[in-house]
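K.L.:
coords below, sequence missing:
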């Protein structure tokens, strides 16, 4: 029951309810605690779901978590390792267990991966992390992957444009994506540039691709899906 209630809370959050005033109550919702609980539950679920055969892994935050792999990749061994509100995982506050760096075993290495598509960073920006902190963390992420799986095809995906209340992050996103290009080359990864496919003439996430300025709608996922299919040379 706890996981069901938490899932409902997080679904509301992803839908944008988190930005609305809390209902009449004497105690405000502790979204930070909900995020931590959600992270812990998702990470535990990943460990239970990992199987002995090979998988393509989608690794990231809520934008990845919202990618319905059964719907968009029917009959394919694609596993979703996205967790809402997740971050790269370096420079974390004491007691905060989140971060892709903290869950590489059950979210990647234990999945018998044939390839991994990484999309992470927007929550680091929204949380006040500097570009240098993000670069250090992302480099550590790629370093650990290469140390354990030097042969693994890794797709570094650009951080996506934002819109509305989040649009102030777009200049930093553009700069961070330049750094991702360099890091992908440094660690012999492929760079999957989704950013220009989803932005409008003003450099923001297209209006049809989002409801809250950050998370994606189905048309955006269809474009993303097409890029993954091309990268893997899959026909659907």
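P.N.:
Structure received. Here the structure is a predicted model, which means the values were calculated and not measured. Residues are numbered from 1 along each chain as shown.

K.L.:
May I ask which helix or strand encompasses the residue nearest to residue 72 when sequence neighbours are not counted?
P.N.:
In space, and not counting its chain neighbours, residue 72 is closest to residue 225: 4.6 Å by CB to CB, 6 or more residues apart in numbering. Just so you know, the C-beta spots here come from the backbone N, C-alpha and C atoms, and that holds for glycine as well. In the assignment (DSSP states H and E), residue 225 maps to helix 218-232.

K.L.:
Ok, residue 156 next?
P.N.:
For residue 156, the host element (DSSP H and E) is strand 154-157.

K.L.:
Okay, buried residues for that strand please.
P.N.:
154, 155, 156, 157 (16 or more other CB atoms under 10 Å).

K.L.:
quick one: contacts of that strand?
P.N.:
Outside strand 154-157, the residues that touch it by CB atoms under 8 Å, 6 or more residues apart in numbering are 60, 115-119, 142, 145-146, 180, 183-184, 187, 189-192, 194, 228, 231.

K.L.:
please redo it, this time with the cut-off set to 6 Å
P.N.:
Contact with strand 154-157 is made by 116, 117, 118, 119, 180, 184, 189, 190, 191, 192, 194, as judged by CB atoms under 6 Å, 6 or more residues apart in numbering.

K.L.:
Check stretch 169-186 too.
P.N.:
Residues outside stretch 169-186 that contact it (CB under 6 Å, 6+ apart): 125, 131, 135, 139, 156, 158, 159, 161, 162, 191, 195, 203.

K.L.:
now do 8 Å
P.N.:
121-122, 125-126, 131, 134-135, 138-139, 142, 154, 156, 158-162, 189-191, 193, 195, 203-204.

K.L.:
Identify those among these that sit within helices.
P.N.:
The members of the contacts of stretch 169-186 that map onto helices under DSSP state H are 122, 125, 126, 131, 134, 135, 138, 139, 142, 195.

K.L.:
For residue 165, the count of nearby residues, please.
P.N.:
Counted with other CB atoms under 10 Å, the neighbours of residue 165 add up to 12.

K.L.:
Excluding sequence neighbours, find me the nearest residue to it.
P.N.:
residue 213 (5.5 Å).
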